[in-house]
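A.B. asks: Predicted model and sequence below, questions to follow.
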Amino acid sequence: MESAAERVVVTMTKAELADFARAVAQEVVGRLDAAERLHSPEPHIATGMLSVNLPGHEAVVDGRLIKLKTREFALLAALAQNLGHVLTRDQLLEAAWPDPQAVDDARTVDVHVRRVRVAPGTAASLIETVHGVGHKLVKAAVSLAAAP
């Protein structure tokens, strides 16, 4: 009886195989980068009235805990870890979705960012859309009430 390996028919050229291997390697590197960002050495990130506790999976605005779904928090965490820097939709997909390839439309990110903005108590003005590029969490002055 033939083994499964003997029944595999390769229909790719060497160039196609090399392209496929490069694409797989890029996907793996992207996932590793996203995982590294989510396990940042900085566990608490604050800007203005917003504080994000990464290990505790909590976001606090003006001392009040805001309730976010898993993807929404992952997006906020990615934005917080890259405070002041614009992240493209693809970068946000990599950071917040376990399988970004399964997402049909990168505009899904925009929908989830909108949900973060309208979550009760969210400091919506801190999340900016850079048209044609992506989104960023802006650096804001820490309020005097929040300062130690």
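C.D. replies: Ah, there it is.

A.B. asks: For Asn53, give me its contacts.
C.D. replies: For Asn53, the contacting residues are Pro43, His44, Ala59, Val60, by C-beta atoms under 8 Å, 6 or more residues apart in numbering. From N, CA and C alone the C-beta is placed, and that goes for glycine too.

A.B. asks: Give me the helix or strand of this structure that scores worst on average pLDDT.
C.D. replies: Lowest on mean pLDDT, DSSP states H and E among the helices and strands of the chain sits helix 14-38, with a mean of 77.

A.B. asks: helices or strands up against the helix or strand following that helix?
C.D. replies: Sequence-wise, the next helix or strand downstream of helix 14-38 (DSSP states H and E) is strand 44-47. Packing contacts for strand 44-47, counted by 3 or more C-beta pairs under 8 Å, 6 or more residues apart in numbering; DSSP states H and E, involve strand 50-53, helix 70-81.

A.B. asks: quick one: the residue nearest to the spatial centre of the chain from Ala18, how far?
C.D. replies: The residue lying closest to the centre of the chain (C-alpha atoms, centre = their mean) is Ala95, at 3.0 Å. For Ala95, the distance to Ala18 equals 28 Å [C-beta to C-beta, to the nearest Å].

A.B. asks: Then Ser125?
C.D. replies: Separation of Ser125 from Ala18 (C-beta to C-beta) stands at 47 Å.

A.B. asks: Output the helices and strands packed on strand 44-47 in JSON lines; the columns should cover distance to Gln101 and mean pLDDT.
C.D. replies: Listed next are these as JSON lines, based on distance: least, C-beta to C-beta, whole Å; pLDDT from 0 to 100:
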{"stretch": "strand 50-53", "distance to Gln101": "27", "mean pLDDT": "88"}
{"stretch": "helix 70-81", "distance to Gln101": "16", "mean pLDDT": "90"}
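
A.B. asks: mind putting these in TSV, distance to Arg64 included?
C.D. replies: Listed next are these as TSV, based on distance: least, C-beta to C-beta, whole Å:
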stretch	distance to Arg64
strand 50-53	11
helix 70-81	15
